[in-house]
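Asker: coords below, sequence missing:
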């Protein structure tokens, strides 16, 4: 599967149970690489949020944005549960996408 132009929602963390960042993109590999290399000013750069701990692909950007809104509006507990269900060890999932 090519990851170019695939709508995705993702969660990054600085460490297990640490600071979380929820984002949406149409190119997950590129976007996570940008976060990891501090190429964009902002939250992930300020808080060293460089570990991809959750992602989900969608058929359309509209679906991905809706999921992002749902995750962001949820509690921290619900975000942690989402991560734990997909990635109980909190490993960096970036390498598995390459």
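Answerer: Sure, I can see it. Keep in mind that what you see is a predicted model, and the values were worked out from it rather than measured.

Asker: Please make it C-alpha for all contacts and neighbour counts, starting now.
Answerer: Will do.

Asker: Number of residues surrounding residue 8?
Answerer: Residues near residue 8, counting by other CA atoms under 10 Å, number 24.

Asker: What of residue 44?
Answerer: Residues near residue 44, counting by other CA under 10 Å: 23.

Asker: Buried residues of the helix-or-strand element of the chain with minimal mean pLDDT, list them for me.
Answerer: Lowest on mean pLDDT, DSSP states H and E among the helices and strands of the chain sits helix 43-46, with a mean of 86. Neighbour counts using 16 or more other CA atoms under 10 Å place 44, 45 of helix 43-46 among the buried residues.

Asker: packing partners for the helix or strand just after it?
Answerer: Later in the chain than helix 43-46, the nearest helix or strand by DSSP states H and E is strand 51-57. With contacts taken as 3 or more CA pairs under 8 Å, 6 or more residues apart in numbering; DSSP states H and E, strand 51-57 sits against strand 8-13, helix 76-86.

Asker: Can you tell me which of those is most buried?
Answerer: Among the helices and strands packed on strand 51-57, strand 8-13 has the highest mean neighbour count (mean count of other CA atoms under 10 Å), at a mean of 24.
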